[in-house]
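Visitor: whatever this is, show me its structure:
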Amino acid sequence: MSEQISVEEFTKVESIFVRHRNVLAVRAQFTPIYTDHYLHLMQQKIRHSGELDQMLKDTLAMLTLHAVARPWAETIAWTINLRAPRVNIFASASSLEENIVGRLFTEGVREPDRNFFYAQTISEKLPEPRMSTLEVDDRDPLHWVEQYYTQSEQRPARAFRLDDEVFVLIVAQPDFDEEWFAGLDVEAVARLEKDEETKVLETRKFRFNCGCNLDKILPVLGGWREKPEELFEGADQITIQCPRCAASYLVTRDML
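Guide: You can find the predicted model right below:
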């Protein structure tokens with residue numbers, strides 16, 4: 001019997017079309033994803049500073065909303081390389097599998113001369129991954145996403161934090177109401193369905209899940225089979241981290 005997962009374990013993501021304004025509002029309450037994120041950190045004995053943790057959580061929220069705003073069957077990865085604090089923020093979302101995962105890299109991070117945002121989109125409809133790079137000028141993931149849409153999606157978007165861990169991404173469609181769009185604030189977005197004519201186009205269910213395991217991690221070490229001493233450096237076992245979620249796996253020599 002397959003594993004049964006209750007709806008409450010997912011974050012419900014709604015795609016809402018705002019009639020007459022010609023925008024798509026993608027909205028979700030992220031407590032379920034954040035809860036699983038914290039459980040994962042606790043299991044792996046990982047602790048982040050409050051500032052870095054919030055930046056990672058905001059990035060997870062924004063990428064989830066962006067993945068739903070995009071066409072189906074895409075896998076999207078974002079990496080943000082910041083000078084201060086010196087950190088790499090990584091997040092990946094699969095709209096096909098409806099999952100989101102992410103982590104921080106705080107050790108051995110090269111200090112760039114500027115802050116950079118890298119995006120990669122993979123789809124069967126694309127002959128090769130689509131890559132985008134932009135310079136970001138602050139430490140707010142919501143602003144990064146707005147900059148990304150302007151430069152790479154070539155249409156404007158607005159990102160909002162509401163109460164109770166609710167986030168909303170408003171994406172402009174052709175012939176959108178530019179004056180109304182520019183004047184949006186948190187209060188107007190919170191009242192959107194009361195003040196505007198809207199229609200829910202679809203509802204998706206996302207969860208925090210990497211899917212990594214030792215069987216998936218070991219093939220990455222295949223190149224070390226002929227030179228195990230360089231990998232183990234005299235030890236009988238080493239610990240390998242998943243590059244997507246930072247989960248730790250114990251690897252022994254005979255596993256290679």
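Visitor: going by C-alpha atoms from here, please, whenever you check contacts or count neighbours.
Guide: Will do.
Visitor: three-state assignment of the residue of the chain most remote from its centre?
Guide: In the chain, counting by Cα atoms, centre = their mean, G234 sits farthest out from the average C-alpha position, at 37.7 Å. Here G234 takes the coil state, with states given by DSSP: H, G, I helix; E, B strand; the rest coil.
Visitor: what do you get for F167?
Guide: strand.
Visitor: check contacts around the nearest residue to it once chain neighbours are set aside.
Guide: Take F167 and drop its neighbours on the chain: the residue closest to it by Cα to Cα, 6 or more residues apart in numbering is R161, 4.8 Å away. Neighbour list for R161: F167, V168, V186 [criterion: Cα atoms under 8 Å, 6 or more residues apart in numbering].
Visitor: my guess is the first one meets F160, correct?
Guide: Looking back up the chat, that one is F167. Yes. At 5.7 Å, F167 and F160 qualify as touching, with contact defined as Cα atoms under 8 Å.
Visitor: more crowded one of the two?
Guide: For F167 versus F160, neighbours defined as other Cα atoms under 10 Å are more numerous around F167 (23 against 19).
Visitor: any idea what that one is bridged to?
Guide: A28, R161 (DSSP bridges).
Visitor: now do the same contact list for the closest residue to D185 other than its chain neighbours.
Guide: Spatial nearest neighbour of D185, chain neighbours left out: F160 (7.9 Å); criterion: Cα to Cα, 6+ apart. For F160, the contacting residues are L142, F167, V168, L169, D185, V186, V189, by Cα under 8 Å, 6+ apart.
Visitor: what is the strand ranked longest in the chain packed up against?
Guide: As assigned by DSSP state E, the longest strand anywhere in the chain is strand 198-208. In terms of contacts (3 or more Cα pairs under 8 Å, 6 or more residues apart in numbering; DSSP states H and E), strand 198-208 is packed against strand 11-18, helix 31-43, strand 99-105.
Visitor: go through stretch 104-121 and flag the buried ones.
Guide: L104, N115, F116, F117, Y118, A119, T121 (16 or more other Cα atoms under 10 Å).
Visitor: the stretch 51-200 of the chain: helices as residue ranges?
Guide: Counting by DSSP state H, counting those that start in this stretch, the stretch 51-200 of the chain has helices at residues 141-148, 178-182, 186-190, 192-195.
Visitor: ok, and the helix or strand in the protein with the lowest average confidence?
Guide: Within the chain, no helix or strand scores below helix 228-232, which has a mean of 78 by mean pLDDT, DSSP states H and E.
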